[in-house]
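> Got a sequence here, can you model it:
(2 chains)
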Amino acid sequence: MTDERDHDARRRRRESELTPETEMGLAPAGATAGAEIASAAGAAGWSPDALLVEHRSLWGEIWRRLLRDKFAILGLVIIAVLVFIAVFAPWIAPHDPTQQYSEGLTMQGMPVGSNSEFWLGTDPLGRDMLSRLMYGARVSLTVGVLANGFALVLGVIFGLTAGYFRGWIETLLMRMTDVMMAFPIFLFAIALSTAINKTSIWVLVLVIGIVYWTPMTRVIHGEVLSIREKEFVDAARLTGCTSPRILFRHILPHLVAPIIVYTSLGIATTILFESTLSYIGLGVQPPTPSWGQMISEGQPYYLSAPHLVLYPGLCIMITVLAFNLVGDGLRDAFDPRQRRK
Amino acid sequence: MSAGVPTSERAAAPSGDTLVTVEDLRVHFPITSGVVLQRKVGAVQAVDGLDFRIMRGETLGLVGESGCGKSTTGRAILQLIRPTTGRVLYEGGDLAHLAGKRLRQQRKRMQMIFQDPYASLNGRMTIADIIGEPLLVHRMGTRRERKAKVRELLETVGINPNTLNRYPHEFSGGQRQRIGIARALAVEPNFIVCDEPISALDVSIRAQIINLLQKLQREFGLTYLFIAHDLSVVRHISDRVAVMYLGRIVELAENAELYETPMHPYTQALLSAVPIPDPAAEELRRPVVLTGDVPSPVDPPSGCRFHTRCPAAKPGLCDVEDPKLTEVRPGHYAACHLISATDYPHIRAGEDDLAVVAETPPEAGETP
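Got it, this is the predicted structure:
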């Protein structure tokens, strides 16, 4: 309330000092914005600095808040490192990931552990683990991000449509979602990739995206159902907004938090799913390395050479953790109520 | 004012010119059952046959208990909820059959002020975007002109115009309500539905908002439909008052007339429940306590909807025949069988039980 009174007092001060024309805020068309602000500020005794503070953009503010979160920064750093490794793998990898080195195997034909030549040891075929992990980051990140992005786009489109328009389209889309969720997705993915009868990263992205759009659809649908009943949506309709405008300007911005949280979790899930598909031979084909494929190849040796399973497992874990940390940080940053002065 | 009853313009504001006409407005929300094949098993008759007019420049108060359909009425007039049947004429044109672009165009002329200033502003938009959006979607003015207009509107409602790049959560409830009012004013409407605009506000802020609404009405010649459950606020702001009960208007009269000579037993009961800020008078006040709850609008009582709780109800008449809203005195409409040209039921709470006394109202001699 003191705030409101303060404004009233300022307003009265302005009213006494300004001519009616400027008071109405109808500056002549030729006047520059700067002059307008300056005159308003000058007349009422506000400092121009105070105005500048208010000109922060929402995204800038979110970025600033995200950078205050130590764990989010840690996640961002890990993701940045992973992306760097994935992009520059051909230049920074110490060895060729598909080259089988004779010195990479013991006399008994077992993989070697860490040494100065092979920093993280070798795999059962004598290939350098570190190089393979670096190249594996390419597959995991690409498939994780793209497949999840595809699932996200499908989920948002279906969820928004079902939740906003209701009626028969809602029944159709949501029952379809139910059917998809009731279906064993693993079998579905196998059937789908067999039907496509090709194996590449793009097929993986397509298959995983088609399999994983359902959770996002449900989440978005539920959120839209609650948001569309809010009074600001009524207000938007009353002001003459069209449905697309209401959907994208008023409803979608409120979905950012759940979208981000589910994306961060979804990337983790899709990376795991990619690993699983690679494990049963429907993913990336050897000799191209992927983390999941490396775990499955190392599985028989887990007692004698645990690093075969340990390192790719750690890679998956660290990647998943990093995306979750950033997702959490973003969720907090997006909540305007948490904004500090 | 239904088909059979001659309408009267005598209750009009001085200009005497009708802005909004509501004819036989019904809003029924279907109740469905079944998972895939949804069958309609009933309907919530939220609004069930309203006929009234809103005169240009007046404030029509709409009061009633929670759930009586007053907010639904406001929303149905603005086509936020589509009426099941009936017509809403705005300056003679029917809104109920408009859709798409033509409806959006009409919306420039009527706006709403919402109850909850926290839910009615989009928290992801700045104040400038919220107030400027109506101007943007109706393509009014250039970017610069819109910005100037937003500043002007903020000044009008008493908010520092240099806060326009802030977000709603940075404002108090009263300030948010002012922002909502500024948004409603942006398209320069003639008619504003105020849906309990002060119910969610602190008592200390309410008077400020009421004063602002009255100031704006004078400045811009606005017409209000003022929905509230607070009788004293409605008395303060309204020119005429309509009382709703279970989806119907039971009484409609000019402000002073309604508060001084309420004719419908429900209105009498409502008014008797208002505390009087005078200890002596308050000591003598005998509120009529209605028994029972408001019946369900899914299955409203036969005949007069109030007969289940009415202390004056006559068996065989009130529970059988549905009373029409009739002009019982010039400009005074009521829907009750017990009101004749010279008589109306006057209910009073006695010491022990409710006594119903038929009295001749002092001024009723003029009617034949």
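> low-confidence ranges in the stretch 51-200 of chain B?
Across the stretch 51-200 of chain B, nothing is flagged by pLDDT under 70.
> any chance you could map the helices in it?
For the stretch 51-200 of chain B, applying DSSP state H, counting those that start in this stretch gives helices covering B:70-77, B:100-106, B:127-137, B:143-157, B:173-185.
> Mean neighbour count and distance to A:I62 for the ones you listed - can I get that in CSV?
Glycine gets a C-beta too; all of them are placed from N, C-alpha and C. Below are the helices of the stretch 51-200 of chain B laid out as CSV (neighbours: other CB atoms under 10 Å in any protein chain shown; distance: least, CB to CB, whole Å):
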stretch, mean neighbour count, distance to A:I62
helix B:70-77, 24, 35
helix B:100-106, 13, 32
helix B:127-137, 23, 16
helix B:143-157, 20, 24
helix B:173-185, 25, 22
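> what residues does the stretch 151-300 of chain A put near chain B?
The stretch 151-300 of chain A comes close to chain B at residues A:171, A:175, A:230-232, A:234-242, A:245, A:249-250, A:253-254, as judged by CB under 8 Å from any CB of the partner chain.
> how about 10 Å then?
When proximity is defined as CB under 10 Å from any CB of the partner chain, the stretch 151-300 of chain A approaches chain B at A:171, A:175, A:227, A:229-243, A:245, A:249-254, A:256.
> Buried residues, the one helix or strand A:G136 maps to. List them.
Using DSSP states H and E, A:G136 sits in helix A:129-165. Under the neighbour-count criterion of 16 or more other CB atoms under 10 Å in any protein chain shown, helix A:129-165 has A:129-152, A:154-156, A:158-164 buried.
> Also stretch B:271-279?
Buried, per 16+ other CB under 10 Å, within stretch B:271-279: B:L271, B:S272.
> Can you get me the start-to-end distance on it?
17 Å (CA to CA, to the nearest Å).
> A:I201 and B:R109: what is the separation?
Distance, A:I201 to B:R109, using CB to CB, to the nearest Å: 57 Å.
> Neighbour count: those two, which is higher?
Just comparing A:I201 and B:R109: by other CB atoms under 10 Å in any protein chain shown the higher neighbour count belongs to A:I201, 18 against 14.
> before we move on, back to that, I'd like the next helix or strand past the helix holding A:G136.
Later in the chain than helix A:129-165, the nearest helix or strand by DSSP H and E is helix A:167-182.
> Give the buried residues for that following helix.
A:E170, A:L173, A:M174, A:T177, A:M180.
> Between all of these, which two are separated the most?
Spatial extent of the buried residues of helix A:167-182 (CB to CB) is set by the pair A:E170 and A:M180 at 15.5 Å.
> Now the buried members of the residues of the stretch 151-300 of chain A next to chain B.
For these, buried by 16+ other CB under 10 Å: A:227, A:230-241, A:245, A:249-254.
> just to revisit the earlier point, any chance of the buried residues of helix A:167-182 in TSV with pLDDT and distance to B:L185 as columns?
Formatted as TSV, the buried residues of helix A:167-182 follow (pLDDT from 0 to 100; distance: CB to CB, whole Å):
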residue	pLDDT	distance to B:L185
A:E170	88	36
A:L173	90	39
A:M174	91	40
A:T177	90	43
A:M180	86	48
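> Quick check: can you list the domain ranges of chain A?
A:1-11+A:33-55, A:62-338 (automatic domain parsing).
> Indicate which one of these is closest to B:G221.
Of all the domains of chain A, domain A:62-338 sits nearest to B:G221, with 20.1 Å by CB to CB.
> Check the offset of that closest one from the chain's centre.
9 Å (CA atoms, centre = their mean, to the nearest Å).
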